[in-house]
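Chemist: Following is a predicted model, sequence given first.
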There are 2 protein chains.
Amino acid sequence: MPGLKIYAKDIEKFEGNKIEFFGWLHTKRILGNISFFVLRDKTGYIQATIKKEIFGDNYEKIINIREESVIRVYGKVQKKPKGGYEILAEEIEVLNQAEPLPIEIWNPEIKTKFINRIQYRFLDLRRPEIINIFKIRSSVVNYFREFLINNDFIELHTPKIVEMGAESGADVFEIKYYNKIAYLAQSPQLYKQMLMASGIDKYFEISPYWRAEKSHTTRHLSEFWSLDIEVAWIKDHYDIINIAEELIKYTIKKVKKENKEELEILNIDIKVPKDMPKITLLEAYKILESYGKKLDMYSDLDTEAEKILGEYFLKEYDEPIVFVINYPWKERPFYHMRLEEDLNWTKSFDALYNGIEILTGAQREHRYEILVKQIKEKGISIEPLKYYLEAFRYGMPPHGGFGLGIDRFVKQLLNIKDIREVVLWFRDPEHTTP
Amino acid sequence: MPGLKIYAKDIEKFEGNKIEFFGWLHTKRILGNISFFVLRDKTGYIQATIKKEIFGDNYEKIINIREESVIRVYGKVQKKPKGGYEILAEEIEVLNQAEPLPIEIWNPEIKTKFINRIQYRFLDLRRPEIINIFKIRSSVVNYFREFLINNDFIELHTPKIVEMGAESGADVFEIKYYNKIAYLAQSPQLYKQMLMASGIDKYFEISPYWRAEKSHTTRHLSEFWSLDIEVAWIKDHYDIINIAEELIKYTIKKVKKENKEELEILNIDIKVPKDMPKITLLEAYKILESYGKKLDMYSDLDTEAEKILGEYFLKEYDEPIVFVINYPWKERPFYHMRLEEDLNWTKSFDALYNGIEILTGAQREHRYEILVKQIKEKGISIEPLKYYLEAFRYGMPPHGGFGLGIDRFVKQLLNIKDIREVVLWFRDPEHTTP
């Protein structure tokens, strides 16, 4: 497929030729009978020189074209005396004129409020420090997929409209689905496990999911994108931890290598993990205690605890990512497998990236009777889970998997404070638009 | 990442070694003091030989393990007298026992009702003729993406919870979104166009979407997956048609080459398009008329018309895919650009694949005033489109794009009658489960 327009970066190839160049009028310099337009496209900038002797009566009109308008310039590509190339304009046409901008995008001194930036996200994205976040996001998703496909995973699409949430039915969005009520999926959990009974033993999916959490934090979204994998024939949850570690290493390494230019523009030096520390939650309790943070036995890590652990491993081991393993049964969903030696703990784990949880996984309970027992123990109704439970009655191999929050991963990778910065148009309790 | 289990296809590498082999008990042959289990995994079959002299009192229990149970066999890999390899079992453990199956999956004589197959989709998928549909689906999605990434497209995620559908607000699912009402996106249309004002000039996205159509046909789903692209700086809609053609050719060629094994199992010989015919809707009317199908001027193609055209081009040109171009304004949404020379027609197109529409695209109207006029002409309220219209006021380049139905594409590629066959768990007015 040939390029659809000539890009600024390729202009030298056309030296001596007359071409059509399309772009935004980035800046202009008006000097009597000769003026200079700097045109912008996604690859860079190119100067168009505009002479009154060529445009005659139209000259005044042309030099008054407003910045940020979309224009077409026709003219000859020539070397500039001081190096580089320019177009000597013969025709200039406005394809879409810009009114005065509602937000400032080029003056770095003027900070626009976040909510105004999102209102005019299409303008916000014209700034290199914004668009490059999304270029890296695109790469991250692509490298995740590349790693999985290279390792024989199959990409499958599971339902997003469901009869119940993944776990308890809390925090789900309700849909008016024809004549009944249905819900938006919080995760592919039940479906991805059912697939493990089918012979597919390495599944992945990249998809949006939804959680109706009323919380307003810098790390929650009502609509988020997740990478999910599920793998059969595992020995235990350490097999899944291993895959997660390799996947993340592959992706971060590749971003560092292939997205050099974007990282430079964002002025970010990303740290490539070497050997991600792995500790049990019991060990985490001890580290936290030495930092004056005492957690009760069998309690989950809270936001502060995750932050302390993140700082500890960055300082002591120079590692940004750490796996915390074996969370307590009372804090984990019914489908997590418990440790044989102590039923208070599960074969589960989280990965913390610079002190924020980005990934949760576990070996799942694949034995029908035990799974039913665990559902009852959690006080969950068996009835809506019946179709799922059937998958455990006709040959279900041992399996496990994880869900990785793509938005959170990108936020932590690029050290961005607010998760809403890494989403084009975020959804929270107040925002369904733009 | 090392494999998590030893696969049947790799067994010869372990000749002379003792290994653990995991799989489903596919079939068994009981012959007095020696029995043979055929074990299955996703790569094939391997025989385990079970001798009474080794298992002693456990022998009877072991040979009674039910087919489709998940078992672990430990033993030595040895050559079989007649070629191939087998495992001489020393230990056999049931990891998950199978109850008698609720549907028949291995006897080709017994046809299970579709709805029962979906109820037990995890069993249905154990059949090679089913799972291979999904292996090809996974490839299709991957090759689409590969083509686009190789051609400098960036993958972006636009909102799925929205304030209005893509077009008129009809056929949308309503969500209880905190204290207000929102809707499930029918397409990324408004967002992908807004992105064109940002400098991103080649966007793509692969995501689920939803349409609340009550129709029960073999080609409609309430939840479907779509590939969407949008490209700026186009001359006209033929630039987009060109991209669509190259993308589809690339994908079909690559499936034919890389998915040979899957296609063989499905017994399908796919036709690689050479030069997809491109006709205007006016020309289509004429062809249809010669087949006795008279359509009114400015009317859309109906299902029968699409079918006739599909058959015509397959017969006359040996081409499975045809582009029909310039649909009438009255049948197209407000954002399609009209032909300058006759406002009754739009710069739009559909692609028909074996007589079914799989793709719809157009050049979009990028001129603010004309776009507003077109919205009014369609009788649509401006108010909910305000945030979208803003994107046309500050430098919007000419642009266009298409949406391609992934489910339909796979259905037509594999010549499958019912679209529900190419979806793991479909959603229609009656089904929100499994």
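Modeler: Yes, it's here.

Chemist: all helices of chain A, in order?
Modeler: Assigned by DSSP state H, chain A shows helices spanning A:52-55, A:59-63, A:114-119, A:121-124, A:128-150, A:189-195, A:237-258, A:260-266, A:281-290, A:303-317, A:368-377, A:386-390, A:406-413.

Chemist: Distance from the first one to the middle of the chain?
Modeler: Yep, that's helix A:52-55 we're talking about. 49 Å (CA atoms, centre = their mean, to the nearest Å).

Chemist: Show me what that helix packs onto, helices and strands only.
Modeler: strand A:85-96 (3 or more CB pairs under 8 Å, 6 or more residues apart in numbering or on different chains; DSSP states H and E). (Glycine included, C-beta is placed from N, CA and C.)

Chemist: CA-only coordinates of the strand it packs on in PDB, if you can.
Modeler: Presented in PDB, the C-alpha positions along strand A:85-96 are these (Å, rounded to 0.1, in the frame of the first residue of the first chain):
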ATOM      1  CA  TYR A  85      14.200  21.500   2.000                       C
ATOM      2  CA  GLU A  86      11.300  23.700   1.400                       C
ATOM      3  CA  ILE A  87       8.400  24.000  -1.000                       C
ATOM      4  CA  LEU A  88       8.200  27.100  -3.200                       C
ATOM      5  CA  ALA A  89       4.400  27.500  -3.200                       C
ATOM      6  CA  GLU A  90       2.500  28.000  -6.500                       C
ATOM      7  CA  GLU A  91      -1.000  27.100  -5.200                       C
ATOM      8  CA  ILE A  92      -2.400  27.100  -1.700                       C
ATOM      9  CA  GLU A  93      -5.800  25.800  -0.900                       C
ATOM     10  CA  VAL A  94      -7.600  25.700   2.500                       C
ATOM     11  CA  LEU A  95      -9.300  22.300   2.900                       C
ATOM     12  CA  ASN A  96     -10.600  23.000   6.400                       C
END
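
Chemist: circling back to that earlier point, can you redo the helices of chain A as CSV with distance to residue A:201?
Modeler: Output for the helices of chain A, formatted as CSV (distance: least, CB to CB, whole Å):
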stretch, distance to residue A:201
helix A:52-55, 68
helix A:59-63, 65
helix A:114-119, 42
helix A:121-124, 41
helix A:128-150, 13
helix A:189-195, 9
helix A:237-258, 12
helix A:260-266, 35
helix A:281-290, 28
helix A:303-317, 32
helix A:368-377, 19
helix A:386-390, 18
helix A:406-413, 23
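
Chemist: what about the stretch 1-150 of chain A, any weak spots by pLDDT?
Modeler: Counting by pLDDT under 70, the ranges of the stretch 1-150 of chain A that qualify are A:1-3.

Chemist: So which residues on it come close to chain B?
Modeler: Taking CB under 8 Å from any CB of the partner chain as the contact definition, the stretch 1-150 of chain A meets chain B at A:1, A:4-5, A:22, A:24-25, A:40-42, A:68-70, A:95-99, A:101-102, A:119-126, A:131, A:134-135, A:137-138, A:141-142, A:145, A:149.

Chemist: So which bits of stretch A:283-302 are buried?
Modeler: Buried residues in stretch A:283-302, counted by 16 or more other CB atoms under 10 Å in any protein chain shown: A:284-285, A:287-288, A:293, A:295, A:301.

Chemist: just stretch A:378-390 next, same as before
Modeler: A:380, A:385, A:387-388, A:390.

Chemist: Touching that stretch from outside, list them.
Modeler: For stretch A:378-390, contacts defined as CB atoms under 8 Å, 6 or more residues apart in numbering or on different chains pick out A:163-164, A:168, A:190, A:193-194, A:333-334, A:368, A:371-372, A:375-376, B:102, B:119-120, B:122, B:433-434.

Chemist: Quick check: nearest residue in space to residue A:190, chain neighbours excluded?
Modeler: residue A:388 (4.5 Å; CB to CB, 6 or more residues apart in numbering or on different chains).

Chemist: Per-residue pLDDT of the one you found, please?
Modeler: Residue A:388 is assigned a pLDDT of 96 by the prediction.

Chemist: again with the one 10 residues further on
Modeler: According to the per-residue confidence, residue A:398 scores 98 in pLDDT.

Chemist: Just give the nearest non-adjacent residue to it, would you?
Modeler: residue A:366 (5.2 Å).

Chemist: Quick check: pLDDT value at the one you found.
Modeler: With respect to pLDDT, residue A:366 scores 98.

Chemist: hang on, isn't it packed against residue A:394?
Modeler: No. Taking contacts as CB atoms under 8 Å, residue A:366 lies outside contact range of residue A:394: 12.0 Å.

Chemist: send the alpha carbons of the longest strand along chain A over as PDB?
Modeler: Looking across chain A with DSSP state E, the single longest strand is strand A:18-31. Extracted C-alpha coordinates of strand A:18-31, given in PDB (Å, rounded to 0.1, in the frame of the first residue of the first chain):
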ATOM      1  CA  LYS A  18       6.500  19.700  -8.100                       C
ATOM      2  CA  ILE A  19       4.400  18.100  -5.500                       C
ATOM      3  CA  GLU A  20       1.200  18.500  -3.500                       C
ATOM      4  CA  PHE A  21       1.800  18.700   0.200                       C
ATOM      5  CA  PHE A  22      -1.000  18.400   2.800                       C
ATOM      6  CA  GLY A  23      -0.800  19.500   6.400                       C
ATOM      7  CA  TRP A  24      -1.700  21.800   9.300                       C
ATOM      8  CA  LEU A  25      -0.500  25.300   9.100                       C
ATOM      9  CA  HIS A  26       1.700  25.200  12.200                       C
ATOM     10  CA  THR A  27       3.200  28.700  12.300                       C
ATOM     11  CA  LYS A  28       3.700  31.500   9.900                       C
ATOM     12  CA  ARG A  29       6.200  34.300   9.400                       C
ATOM     13  CA  ILE A  30       5.000  37.300   7.400                       C
ATOM     14  CA  LEU A  31       7.700  39.500   5.900                       C
END
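
Chemist: buried stuff in that strand?
Modeler: Buried residues in strand A:18-31 (16+ other CB under 10 Å): A:21-26, A:28.

Chemist: now do stretch A:45-64
Modeler: For stretch A:45-64, a neighbour-count test (16+ other CB under 10 Å) marks A:45-50, A:52, A:54-55, A:59, A:62-63 as buried.

Chemist: Mind listing residues that contact that stretch?
Modeler: By CB under 8 Å, 6+ apart, stretch A:45-64 touches A:8, A:11, A:21, A:23, A:26, A:28, A:30, A:32-39, A:73, A:75, A:80, A:84-90, A:92.

Chemist: among those, which ones are buried?
Modeler: Buried members of the contacts of stretch A:45-64, scored by 16+ other CB under 10 Å, are A:8, A:11, A:21, A:23, A:26, A:28, A:35-39, A:73, A:75, A:85-87, A:89, A:92.

Chemist: hang on, the earlier thing: are any of the contacts of stretch A:378-390 buried, and which?
Modeler: Buried subset of these (neighbour count, 16+ other CB under 10 Å): A:163-164, A:190, A:193-194, A:333-334, A:368, A:371-372, A:375, B:119-120, B:122, B:433-434.

Chemist: For chain B, what's its nearest residue on the stretch 151-300 of chain A.
Modeler: Residue of the stretch 151-300 of chain A nearest chain B, by CB to the nearest CB: residue A:198 (3.5 Å).

Chemist: For the residue nearest to residue A:200 when sequence neighbours are not counted, give me its contacts.
Modeler: Leaving out its chain neighbours, the residue that sits closest to residue A:200 by CB to CB, 6+ apart is residue A:154, at 6.0 Å. Residues counted as contacts of residue A:154 (CB under 8 Å, 6+ apart) are A:200, A:202-204, B:134-135, B:138.

Chemist: Okay, residue A:154 and residue B:253: tell me how far apart.
Modeler: Computed as CB to CB, to the nearest Å, the residue A:154 to residue B:253 distance reads 21 Å.

Chemist: now swap in residue A:202 and tell me
Modeler: Taken as CB to CB, the span from residue A:202 to residue B:253 is 26 Å.

Chemist: Cool, thanks, signing off.
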